[in-house]
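S.K.: Quick one: sequence and predicted model below, then my questions.
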Amino acid sequence: MDDLLTERLALHPLSLAEAERVLTGEPDDGARWASGYPDDGDRAGARRFLDTCADTGDPQPFGAYEIRRREGGHAIGGLGFHGPADETGSVTIGYGLILPARGKGYAGEALRALLLFAHSRGITRVKGDTAHDNIASQRVMSSVGMRLVAEDGQLKHFETAWSDATAATGHRP
């Protein structure tokens, strides 16, 4: 599968070998990792992807992606699906950036591309969640058209859903 490209980013679908390297924090000779990559969130995403592959097979295109800057190609974070769509056409996503890459609009740019990709593949609902105190992540999800739909003691739950009348941008008309 090819990278998903945005103006400034390449969303690179991880292979099993790449996910294993992210998990161990040991790049191969060709990997370009920005300082601080992978962080704990990237390792957790790689572990989820590897567990999904072991349990049900490679879920691509609904797997894990490495967020790379197009300029220079350095990995700065990860995002992806927590597995293939369920019987209702719904997926759950997660994302994160290393600290030096935050606050530059990369998370919104990457998430917007992932939502468009999901919609183009027939996904009807995308869900995500974040901690109550993670205001930046809440803003990112809101900025790409995801709505706050529930809260519990630990998390705020967001989603976006499409119907035939909904534009492919992820925003409701």
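M.R.: Looks like it arrived, so ask away. Being a predicted model, the structure only gives us computed values, none of them experimental.
S.K.: for the record, mean pLDDT for stretch 12-27?
M.R.: When pLDDT is averaged along stretch 12-27, the result is 95.
S.K.: how about that stretch as PDB, C-alpha atoms only?
M.R.: What follows is stretch 12-27 as a C-alpha-only set of coordinates in PDB (Å, rounded to 0.1, in the frame of the first residue of the first chain):
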ATOM      1  CA  HIS A  12       3.300   5.500   5.900                       C
ATOM      2  CA  PRO A  13       1.500   2.100   6.500                       C
ATOM      3  CA  LEU A  14       3.700   0.100   8.800                       C
ATOM      4  CA  SER A  15       4.800  -3.400   7.900                       C
ATOM      5  CA  LEU A  16       5.200  -6.000  10.600                       C
ATOM      6  CA  ALA A  17       9.000  -5.600  10.500                       C
ATOM      7  CA  GLU A  18       8.700  -1.800  10.900                       C
ATOM      8  CA  ALA A  19       6.200  -2.200  13.700                       C
ATOM      9  CA  GLU A  20       8.500  -4.500  15.500                       C
ATOM     10  CA  ARG A  21      11.400  -2.000  15.200                       C
ATOM     11  CA  VAL A  22       9.100   0.800  16.500                       C
ATOM     12  CA  LEU A  23       8.200  -1.500  19.500                       C
ATOM     13  CA  THR A  24      11.900  -2.200  20.300                       C
ATOM     14  CA  GLY A  25      13.100   1.300  19.500                       C
ATOM     15  CA  GLU A  26      15.700   0.000  17.200                       C
ATOM     16  CA  PRO A  27      15.600   1.500  13.600                       C
END
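S.K.: what comes into contact with that stretch?
M.R.: Applying C-beta atoms under 8 Å, 6 or more residues apart in numbering, the external contacts of stretch 12-27 come out as 1, 3, 28, 31, 33, 38, 42-43, 45-47, 49-50, 53, 58, 60-61, 63-68, 75, 78, 80. Bear in mind the C-beta positions are built from the backbone N, C-alpha and C, glycine included.
S.K.: With stretch 104-120 instead?
M.R.: By C-beta under 8 Å, 6+ apart, stretch 104-120 touches 4-9, 11, 61-62, 65, 67, 76-77, 79-81, 91, 93, 95-97, 126, 136-137, 140-141, 143-146, 160, 162, 168-170.
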